[in-house]
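# give me a 3D structure for the following:
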Amino acid sequence: MATPIPHPESYQVGWICAVRTEYVAACELLDEEYQTLSLPHHDHNAYTCGRIGEHNVVVACLPQGRYGLTSAATVATNLRRSFPAIQFGLMVGIGGGAPSAKHDIRLGDVVVSSPTGRAGGVIHNEFGKTIQGKNQDLKFERTGSLSPPPPVLLNALQKLSALHERRGHGIAEMVNQMISKNPRLKNYQHPDPTLDVLYQSSWVHADEDRPCVEICGTDRIVQRRARDPDQDDPVIHYGLIASSDRLMKDAQVRDRLAQTEGVLCFEMEAAGLMDHFPCVVIRGICDYSDTHKNDLWQGYAAATAAAYAKELLSVVAPKEINTEVTQPRKAFRLGLHLSDAPTVDPRLFIGRKPELAEMEAILKPNDLSVEPRRLVLGGMGGIGKTQLAIAYAERHRDSYESIFWLTATSPKTLQTSLHQLAQHILLPDELKHCDDDQLMVHVSRWLSETDNTRWLLIFDNYDDPDQYQITKYYPHASHGSIIITTRLPDLVDGAPIKVQHLHRLEDSLQILETRSQRHNVKSGQ
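Residues are numbered from 1 along each chain as shown. Presented below is the predicted three-dimensional model:
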């Protein structure tokens, strides 16, 4: 019978999975499984609680069919609220490999996020759903590096990698033992090695409904040397992981990013975690990020990643977690900051009660539930979008802990606004040593803090979405409110409100009276 652990404060390690296959592997490798705790009504995560070695671990999985950065951030936020003693996390599961001449990555290998140069181990990138042969004008944009794993995990990575070099690892043995204990898990065993096939980058799988063995032939297979029998299998690779909300199925783009950025692996959740949930990302390689991907290797790849995570925890002493400095709760109530907003005579704001009511219905300023809220004010230039955003901010200044105005006319003006925002959350010495990418990381991290949920960002004059993607400046948070004013609302994600000309003649005449400083306009004199 499962052993009950009565208090959420007993758990210091959070383990997050994206799909059921990863969740099964994680749960099967627990040394002991506990009773699941009663949770707050607001937390709808699926949890399994247990022990690995001396660590109490809570395993969480994303909702069925809900993948990507936002879903991962939501799960992490709820996890940290329900289990307040969590000190760090493990994002464990499957990913697509990026083999190269420098990194001989094979299916079933494990890639672990590790700092490289300026990158903290994970980079966030934006591109459309990359399927080779269907995206001729693909645009890729790296949106900056995210925070590295916390020191306790970096130390553990160093210790474990040295231990593996000296004595090898027990990952394959651990996976085999898992299957021996539970024969139902035969889909998690090592597939036939001859089914680990890498095709030439230019060769596209022509029919998704038919397997490679039927239509791809053998003449386009990349010939690779057999691995040394004395070499560890699977191989552990440390380096850079690329994270995006989109699936990577393009070998040519894969190769380009492996060469230019040093990417070893592609996945879809980590960028939603790194800046507000200190963790390391561990990915078992189940495909080669190309059109030839299939599900055959997913079970084994999930198991090798979980086995590595278990070995990692074995070199972290509980006292190392307890003695890590816990950051004090930051001051999040910074008030209303509209210094960048244009000066508007309040007497000119007339007749917008319906739009304000609609904004309030979307943004729910007095609703304390935690969820991301995005609103797009669209309309032609001079119609009153900016005035409407200012009026909303001033009317609801007490509903938010912090409100910041960001001029989004261009990347340069937006960066200037972000620099001003950062002055409120960073010490002068910290600010002085930050480049633009680092500044964005600090701002995103602050906005993504678990306790910092009552903020509003206003991106004004985002009128040229083709010039740059504003989403790269959004924090990876499952909370907070954002207003965007734009002339092209159809090109911006968010709940839309179309701002139109005033309909009432009396309102127009009132504005004319104010501007002309005449008091008899309405009477026609």
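
# could I get the full set of strands for the stretch 401-525 of the chain?
Under the criterion DSSP state E, counting those that start in this stretch, strands of the stretch 401-525 of the chain are mapped to 402-407, 455-460, 481-486, 495-498.

# so what angle separates the directions of the second one and strand 481-486?
I take that to be strand 455-460. Between strand 455-460 and strand 481-486, the angle comes out at 10 degrees (axes from the mean of the first three to the mean of the last three C-alpha atoms, to 10 degrees).

# correct me if wrong: residue 404 contacts residue 421.
Yes. Counting by C-beta atoms under 8 Å, residue 404 touches residue 421, with 5.1 Å between them. Where you see a C-beta, it was placed from the backbone N, CA and C, and this is true even at glycine.

# quick one, what contacts residue 334?
When contacts are counted by C-beta atoms under 8 Å, 6 or more residues apart in numbering, residue 334 touches 401, 402, 424, 425.

# dump these to a markdown table, plus distance to residue 9.
Compiled in a markdown table, the contacts of residue 334 are given as follows (distance: C-beta to C-beta, whole Å):
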| residue | distance to residue 9 |
| --- | --- |
| 401 | 26 |
| 402 | 29 |
| 424 | 32 |
| 425 | 28 |
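
# about what we covered before: so for residue 472, which of the strands of the stretch 401-525 of the chain sits nearest?
With respect to residue 472, and counting by C-beta to C-beta, the nearest of the strands of the stretch 401-525 of the chain is strand 455-460 at 11.8 Å.

# which outside residues touch the closest one?
Surrounding strand 455-460, the residues in contact under the criterion C-beta under 8 Å, 6+ apart are 332, 340-341, 363, 386, 389, 393, 396, 400-408, 414, 447, 470, 473, 480-485.

# stretch 75-85 now?
Where contact means C-beta under 8 Å, 6+ apart, the residues beyond stretch 75-85 that reach it are 8-12, 14, 16, 37, 39-40, 42-45, 47, 58, 60-62, 86, 89, 272-273, 276-277, 370, 450, 477-479.

# quick one: buried residues of that stretch?
75, 76, 77, 78, 79, 80, 81, 82, 83, 85 (16 or more other C-beta atoms under 10 Å).

# now for the residues you listed: which two are most distant?
Within the buried residues of stretch 75-85, 75 and 85 form the most distant pair, 17.5 Å apart (C-beta to C-beta).

# the strands in the stretch 251-400 of the chain, which residues?
Taking DSSP E, counting those that start in this stretch as the criterion, the stretch 251-400 of the chain carries its strands at 263-267, 279-287, 335-337, 373-378.

# out of these, nearest to residue 20?
With respect to residue 20, and counting by C-beta to C-beta, the nearest of the strands of the stretch 251-400 of the chain is strand 279-287 at 13.9 Å.

# returning to that earlier point: the contacts of strand 455-460, buried ones only, as a PyMOL selection?
With 16+ other C-beta under 10 Å as the criterion, this PyMOL line picks the buried residues out of those:
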select buried, resi 332+340+341+363+386+389+393+396+400+401+402+403+404+405+406+407+408+414+447+470+473+480+481+482+483+484+485
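
# overlap of the contact sets of residue 404 and residue 421?
Common contacts of residue 404 and residue 421, defined by C-beta under 8 Å, 6+ apart, comprise residue 337.

# returning to what we had before: buried subset of the contacts of stretch 75-85?
With burial judged by 16+ other C-beta under 10 Å, the buried subset of the contacts of stretch 75-85 is 8, 11-12, 14, 16, 37, 45, 47, 58, 60-62, 86, 89, 272-273, 276-277, 370, 450, 477-479.

# thinking again about what came up before, please flag which of the contacts of stretch 75-85 sit within strands.
For the contacts of stretch 75-85, the ones inside strands are 14, 16, 47, 58, 60, 61, 89, with DSSP state E as the criterion.

# tabulate the residues you listed (JSON lines), appending pLDDT.
Listed next are the ones in strands among the contacts of stretch 75-85 as JSON lines, based on pLDDT from 0 to 100:
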{"residue": "14", "pLDDT": "94"}
{"residue": "16", "pLDDT": "95"}
{"residue": "47", "pLDDT": "92"}
{"residue": "58", "pLDDT": "95"}
{"residue": "60", "pLDDT": "94"}
{"residue": "61", "pLDDT": "92"}
{"residue": "89", "pLDDT": "92"}
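
# what is the nearest of the residues you listed to residue 223?
Using C-beta to C-beta, the shortest approach to residue 223 within those belongs to residue 16, at 37.8 Å.

# now that closest one: how far from residue 254?
Residue 16 sits 25 Å away from residue 254, taking C-beta to C-beta, to the nearest Å as the criterion.

# residue 213: which of the buried residues of stretch 75-85 is nearest?
Out of the buried residues of stretch 75-85, the one with the shortest distance to residue 213 is residue 75. That distance is 37.1 Å, counting by C-beta to C-beta.

# ok but that closest one is inside a strand, no?
No. Assigned with DSSP: H, G, I helix; E, B strand; the rest coil, residue 75 falls outside any strand and is helix.

# give the contact list for the closest residue to residue 337 other than its chain neighbours.
In this structure, residue 337 finds its nearest non-sequential neighbour in residue 404, 5.1 Å apart by C-beta to C-beta, 6 or more residues apart in numbering. Counting by C-beta under 8 Å, 6+ apart, residue 404 makes contact with 337, 417, 421, 455, 456, 457, 458.

# report pLDDT for the last one.
Residue 458 is assigned a predicted lDDT (pLDDT) of 96.

# what does the pLDDT read for the closest residue to residue 393 other than its chain neighbours?
Nearest in space to residue 393, with sequence neighbours left out and distances taken as C-beta to C-beta, 6+ apart, is residue 403 at 5.2 Å. For residue 403, the pLDDT comes out at 93.

# residue 403 reaches residue 337, doesn't it?
Yes. Under the criterion of C-beta under 8 Å, residue 403 is in contact with residue 337, at a separation of 6.4 Å.

# now residue 492: closest residue in space that isn't a chain neighbour?
For residue 492, ignoring the flanking residues on the chain, the nearest one in space by C-beta to C-beta, 6+ apart is residue 376 at 4.9 Å.

# give the contact list for that neighbour.
483, 484, 486, 489, 492, 493, 494, 495, 496, 497 are the contacts of residue 376 under C-beta under 8 Å, 6+ apart.

# any idea which of the residues you listed is closest to residue 435?
When those are compared for distance to residue 435 (C-beta to C-beta), residue 484 wins out at 25.7 Å.

# list the buried residues of stretch 246-257.
Within stretch 246-257, the residues scored as buried using 16+ other C-beta under 10 Å are 247, 248, 249, 250, 251, 253, 254, 255, 256, 257.

# any idea of the mean pLDDT for that stretch?
For stretch 246-257, the per-residue pLDDT averages 86.

# residue 63 reaches residue 71, doesn't it?
Yes. Counting by C-beta under 8 Å, a contact exists between residue 63 and residue 71, whose distance comes to 6.7 Å.

# which one's more surrounded, the two?
Legend: neighbour count by other C-beta atoms under 10 Å for residue 63 and residue 71, higher for residue 71 (19 against 12).

# give the helix, strand or coil label for that one.
Secondary structure for residue 71, judged by three-state DSSP, is helix.

# any weak-confidence spans in this protein?
Across the chain, the ranges flagged by pLDDT under 70 are 1-6, 41-42, 67-68, 118, 126-146, 274-276, 322-331, 343-351, 429, 502-525.

# now do the helices in it.
Counting by DSSP state H, one finds helices in the chain at the ranges 20-28, 69-82, 151-167, 171-181, 212-215, 251-260, 298-314, 318-323, 353-363, 385-395, 411-422, 428-432, 436-447, 505-516.

# just name the most buried of those helices.
helix 298-314 (a mean of 26; mean count of other C-beta atoms under 10 Å).

# show me what it is packed against.
Under the contact criterion of 3 or more C-beta pairs under 8 Å, 6 or more residues apart in numbering; DSSP states H and E, the helices and strands touching helix 298-314 comprise helix 20-28, strand 46-52, strand 88-97, strand 110-113, helix 151-167, helix 171-181, strand 279-287.

# ok, which of those comes nearest residue 194?
With respect to residue 194, and counting by C-beta to C-beta, the nearest of these is strand 279-287 at 16.1 Å.
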